[in-house]
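**Student:** based on what follows, work out the 3D shape:
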Amino acid sequence: MRRLLFLNGIKAFEAAARTGSFAAAGAELNVSAAAVSRMVHLLEERLGVALFERKANRLATTAAGRAYQSGLTPIFDALASLTAQVTAPSSVRVLTIGVGPTFAMKWLIPRLADFRKQEPDIDVRITTGGAAVPFGEDWSCGIKLGDGEWPGLIAEPLFAADLLPVCAPRLANALKRPSDLKGPTLLRVAHSPDDWPSWLEAAGTARITARGPEFEFYGQALQAAVDGLGIAMGIRPYIDDDLAAGRLVAPFALSVPKGMRWYLVYRGFSTEQRDFAAFRRWIIRAAAEPAMRRRGQRHAG
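**Tutor:** Residues are numbered from 1 along each chain as shown. The predicted model follows:
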């Protein structure tokens, strides 16, 4: 027999530890903050372990509390997901993907028709979820750029995030060597200020400073490059389709690792869900295709 101690208290503790307060946990569970505090206190008595340090104006978990919460949250997430699957109509198969806006526009959406052809019964829903956005409770999976370390989640590498300058074909003729790059024409992305300095240093032209127009997202900077406004720092795989179609060209062969990778991020229990398993197989195969093409081109050359 499973030894389940006071399930209401466990739910109250997990919500309070995750949200950081009894009040927020009470709002989530539709009870008062005092009721949450009382249930957590009873749970601590039954466990014989302190889960919170109760300090003025803040709630801090003890080491035992942190360990307990890190195990409980995935269990409750899995329970919610399982309940949603069981109660959903058999004809409804929904896959929710958290992904940044540029990745969605420049890579994922252009390829979704292929996935839909293979899995026509899965309703794909895309929600905004860049690197700085927490993994959503309703997400089946996410695609994130980072170091691969997201506590409580599995991260499988998809792409190397290599950097190389790109521009419209008509601008490329004037770019014979990296020293031809001029600061005012170098398009920048606000949240990635190190991209240009990293590439310019690797190219031996660190004295050049990027001073061109600044954009919030890579997608905006790349569109500006397509329109001839200047030279953007491209990041793979955002630029693969534009390069293949000739909308953009890479005037220099040098590419520099960004120091991060793209990952498929998901909860451990997701591997048992057939819709996610189908998407995982598809995206891992699709992610490998551009790299395989580039290797083939290098060998052919």
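**Student:** and the gap between the nearest residue to T61 once chain neighbours are set aside and F6?
**Tutor:** In space, and not counting its chain neighbours, T61 is closest to A17: 5.3 Å by C-beta to C-beta, 6 or more residues apart in numbering. Using the backbone N, CA and C atoms, a C-beta is placed for each residue, glycine as well. Counting by C-beta to C-beta, to the nearest Å, the gap from A17 to F6 is 15 Å.
**Student:** more neighbours: which of the two?
**Tutor:** When A17 and F6 are compared for neighbours, A17 comes out ahead with 23 against 16, by other C-beta atoms under 10 Å.
**Student:** about what we covered before: contacts only, for the residue nearest to T61.
**Tutor:** Neighbour list for A17: L51, F52, T61, G65, R66, Y68, Q69, L72 [criterion: C-beta atoms under 8 Å, 6 or more residues apart in numbering].
**Student:** tally up the residues packed near the second one, please.
**Tutor:** When neighbours are defined as other C-beta under 10 Å, F52 has 19 of them.
**Student:** could you check the pLDDT of A88?
**Tutor:** Looking at A88, its pLDDT reads 61.
**Student:** A56 too?
**Tutor:** Taking A56 on its own, its pLDDT is 68.
**Student:** picking that back up, quick one: what helix or strand has the residue nearest to T61 in it?
**Tutor:** A17 belongs to helix 7-19 when assigned by DSSP states H and E.
**Student:** buried stuff in that helix?
**Tutor:** By 16 or more other C-beta atoms under 10 Å, the buried positions in helix 7-19 come out as G9, I10, K11, A12, F13, E14, A15, A16, A17, T19.
**Student:** so the second one sits against E44, correct?
**Tutor:** No - judged on C-beta atoms under 8 Å, I10 makes no contact with E44 at a distance of 11.2 Å.
**Student:** if I pick A221, what's in contact with it?
**Tutor:** Counting by C-beta under 8 Å, 6+ apart, A221 has contacts L187, R188, V189, F215, A232, M233.
**Student:** how about the strands in the stretch 151-300 of the chain?
**Tutor:** Along the stretch 151-300 of the chain, counting by DSSP state E, counting those that start in this stretch, strands occupy 154-166, 186-189, 214-215, 231-235, 256-266.
**Student:** who touches stretch 197-210?
**Tutor:** Contacts of stretch 197-210 from elsewhere in the structure, counted by C-beta under 8 Å, 6+ apart, are 163-165, 178-179, 181-183, 186, 188, 196, 233, 252, 254, 256, 258.
**Student:** nearest to E289, of the residues you listed?
**Tutor:** Nearest to E289, judged by C-beta to C-beta, of those is L164 at 18.9 Å.
**Student:** not including adjacent chain positions, what is the nearest residue to the closest one?
**Tutor:** Using C-beta to C-beta, 6+ apart, the closest residue to L164 is S255 (4.2 Å).
**Student:** can I assume the one you found is in contact with A161?
**Tutor:** No - counting by C-beta under 8 Å, S255 sits too far from A161 to count as a contact (10.3 Å).
**Student:** need the residues touching each of these two.
**Tutor:** Common neighbours of S255 and A161, using C-beta under 8 Å, 6+ apart, are R236.
**Student:** sorry, back to before: dump the contacts of A17 to TSV, plus pLDDT and secondary structure.
**Tutor:** Shown next, in TSV, are the contacts of A17 (pLDDT from 0 to 100; DSSP: H, G, I helix; E, B strand; the rest coil):
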residue	pLDDT	secondary structure
L51	92	coil
F52	91	strand
T61	90	strand
G65	89	helix
R66	88	helix
Y68	88	helix
Q69	86	helix
L72	84	helix
